[in-house]
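Novice: Model the structure of this input:
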Amino acid sequence: MENDRIAGSAKDFAGRVEGTVGDIAGDAKTQAAGRIREATGTAQNLYGQAKDAAREATDAAVNYAKDAYENSGDTFRDGSQAIAKKVQDNPLGSMLIAGGMGFALGLLLTRPPHHPPQRGRQRL
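Specialist: This next block holds a predicted model:
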């Protein structure tokens, strides 16, 4: 629990007591001071709650990232093993797929760039 929450709750309680004493005694100054202390305590308590919530969210995000990082190697390894199994089961199909991909990449990389016609010049 955050120190701001504890201190805020204490100020809130003390402000309520002070405000009640001011009500009973009919002292407007004590009553106003109690209400101010109560409001200050409430604000400090809410600030502490916000800090706790932010800390919890940060911890959850860090734990999620750690788990994802630790399990990424397993996922990559499993995927590699699945691909190797498919290649072993169907070597001809795998070679055709790899060749097709290589051919398509070769076409994309060796194609001349397309230049749009320039404005203002007419071609003859």
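Novice: Could you check which helix or strand contains the spatially most central residue of the chain?
Specialist: Compute the mean C-alpha point of the chain, and by C-alpha atoms, centre = their mean the closest residue is Ala61, 6.5 Å away. Secondary structure from DSSP states H and E places Ala61 in helix 28-89.
Novice: how far away is the residue nearest to the centre of the chain from Ala50?
Specialist: 16 Å (C-beta to C-beta, to the nearest Å). Where you see a C-beta, it was placed from the backbone N, CA and C, and this is true even at glycine.
Novice: Equivalent analysis for Asn3, please.
Specialist: 14 Å.
Novice: And the two? Which one has more around it.
Specialist: Ala50 (13 against 10; other C-beta atoms under 10 Å).
Novice: show me the contacts for the more buried one.
Specialist: Applying C-beta atoms under 8 Å, 6 or more residues apart in numbering to Ala50 gives no contacts.
Novice: switch the cut-off to 10 Å
Specialist: 2, 4-5 (C-beta atoms under 10 Å, 6 or more residues apart in numbering).
Novice: Alright, calling it a day.
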